[in-house]
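Enquirer: Turn this into a structure:
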Amino acid sequence: ESGVSAQRFLVEAAMSGSAAAASERRRARRDVERAGFVLASVSNNLNQLAKWANSNHVLPDTFAGALEDIRRAATAVAVSTEQLHSAFEPDR
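Expert: Numbering: from 1, shown residues only. So this is what the prediction gives:
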């Protein structure tokens, strides 16, 4: 059910303190990786749009709004990533 081998599941559960914590950590890691992939794709699209705008010497009317949306999304991902990192960081 967890999507990993039984051995891996047992190691993660032992290292995390519980099977539930191991599962939550795995889910959080996948979410962060997906968010990074989405931001990389958006960055690529924005770069293509900027190249087009450079070639045509004009910005689309919606460019500023789209850029602000991207800034907000990137900030939200950064904040969420930091919160997840803090939540899973072992006590010292």
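
Enquirer: okay, now Phe22: neighbour count?
Expert: You called it Phe, but residue 22 is Ala. 21 (other CB atoms under 10 Å). C-betas here are computed from N, CA, C, even on glycine.

Enquirer: Please tell me how far it sits from Asn44.
Expert: Separation of Ala22 from Asn44 (CB to CB, to the nearest Å): 33 Å.

Enquirer: How far does the helix or strand where Gly65 lies sit from its chain's centre?
Expert: When elements are assigned from DSSP states H and E, Gly65 belongs to helix 63-88. Counting by CA atoms, centre = their mean, to the nearest Å, helix 63-88 is centred 8 Å from the centre of its parent chain.

Enquirer: what's that helix packed up against?
Expert: Helix 63-88 sits against helix 19-56, with contacts defined as 3 or more CB pairs under 8 Å, 6 or more residues apart in numbering; DSSP states H and E.

Enquirer: Now do the contacts for the most centrally placed residue in the chain.
Expert: For the chain, the residue nearest the mean C-alpha position is Ala35 (2.7 Å; CA atoms, centre = their mean). Ala35 makes contact with 77, 80-81, according to CB atoms under 8 Å, 6 or more residues apart in numbering.

Enquirer: do you know how far it is from Arg29?
Expert: According to CB to CB, Ala35 stands 11 Å off from Arg29.

Enquirer: Ok, Ala6 next?
Expert: Counting by CB to CB, the separation of Ala6 from Arg29 is 19 Å.

Enquirer: In terms of neighbours, single out the busier of those two.
Expert: Taking other CB under 10 Å, Ala6 and Arg29 do not tie; Arg29 has more neighbours (12 against 8).

Enquirer: so Ala53 sits right up against Pro60, yeah?
Expert: Yes. If you go by CB atoms under 8 Å, Ala53 and Pro60 touch, sitting 7.2 Å apart.

Enquirer: follow-up on the earlier one: please pick the buried ones from the contacts of Ala35.
Expert: Burial by neighbour count, 16 or more other CB atoms under 10 Å: within the contacts of Ala35 this picks out Val77.
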